[in-house]
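[1] Output the structure for:
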Amino acid sequence: MDSIALAYWKRPEVAFTVNYGQAAAEAEIAAAGQVASLLSIRQEIISVDCSSLGSGHMAGTDALDLAPAPEWWPFRNQLLLTLVGMRAVAIGVTELMVGSVASDEVHADGRLSFFNSIDCLMHMQEGGIRVTAPAIGLTTSALIKISGIPQSVLAWAHSCHIGNLACGVCRGCVKHYEVTSELTGDAY
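    Presented below is the predicted three-dimensional model:
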C-alpha cells in the first residue's frame, strides 16, 4: 500500500520491483506491474535470489532471536537499495524514493536515521544517487489521503508477508485490513 500510494503521489519515471526471494514475490511483481501500467510508469524488475539469507515470514522460516517483528529480514532495505542502486546508476536515475512510513520504525532500516545514513553513503559514490523517504513521518492512512490515490488503484496492493495469496493473519494483512477499514469503512 505504501509503495503504491507513494508512486501515485510522486509519479516517478521508473518503478523498481525486486524479487529477492521473498515469499510473496510473484504477487508483488504482478501488483507493481499493474499499477505501473495504470500510471504509465516504466517498471524495472530485478531478480536476485537471496532467500537463503532471509529470516521470518517473508523468507518462510522462523524469525531470528533478535528479530523485532516476525517478518524481519536482516538488512532488507540496505539490500534492496543496493540492488536497485546498481541498476539505477546504469540507467541514469538520480533519486530513489522509498515508500517507508512511520510504522516502519519498528525496524532499524525503516527509520529516518537509516535513510539519512544510506542517502549519504550512496550519494558519495559514483552517480551521486540520493535516497529519500517522502512519507517517513506519515501513517499509511495519511499517505494514502495525501497521495489522492483512488481505491481502484490502491486495491492492487499486495500486503501479505507470507505468500502470494493474502493469509489474513500476518502483520502485512492485518495492516491492510486496518487501513482499508479506517479509510473506507469497508475493510478487505
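[2] And the strands in the chain, which stretches?
    Using DSSP state E, the strands found in the chain span residues 14-19, 42-47, 95-97, 130-132.
[3] Out of these, which is closest to residue 169?
    strand 14-19 (23.6 Å; Cβ to Cβ). Placement of C-beta: from N, CA and C, glycine included.
[4] Show me what the closest one is packed against.
    Contact here means 3 or more Cβ pairs under 8 Å, 6 or more residues apart in numbering; DSSP states H and E; on that basis strand 14-19 packs against helix 25-38, strand 42-47, helix 76-90.
[5] Try it again at 10 Å.
    Contact here means 3 or more Cβ pairs under 10 Å, 6 or more residues apart in numbering; DSSP states H and E; on that basis strand 14-19 packs against helix 2-10, helix 25-38, strand 42-47, helix 76-90, strand 95-97.
[6] Out of the ones you listed, the one nearest residue 157 is which?
    helix 2-10 (5.1 Å).
[7] Determine which stretch of the helices and strands packed on strand 14-19 is the most buried.
    Burial of the helices and strands packed on strand 14-19 is given as mean neighbour count (mean count of other Cβ atoms under 10 Å); helix 2-10 ranks first at a mean of 22.
[8] now that helix against strand 14-19, angle please.
    If you take axes from the mean of the first three to the mean of the last three Cα atoms, to 10 degrees, helix 2-10 sits at 170 degrees to strand 14-19.
[9] Would you mind pulling up the elements that helix 2-10 packs against?
    strand 14-19, helix 25-38, strand 95-97, helix 140-147, helix 151-154, helix 171-184.
[10] Let me have the ones you listed in a markdown table, adding mean pLDDT and distance to residue 114 as columns.
    As requested, the helices and strands packed on helix 2-10 are arranged in a markdown table below (pLDDT from 0 to 100; distance: least, Cβ to Cβ, whole Å):
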| stretch | mean pLDDT | distance to residue 114 |
| --- | --- | --- |
| strand 14-19 | 98 | 17 |
| helix 25-38 | 98 | 21 |
| strand 95-97 | 98 | 13 |
| helix 140-147 | 98 | 18 |
| helix 151-154 | 96 | 26 |
| helix 171-184 | 94 | 19 |
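[11] Determine which of those approaches residue 56 most closely.
    Nearest of those to residue 56, taken as Cβ to Cβ: helix 171-184 at 10.2 Å.
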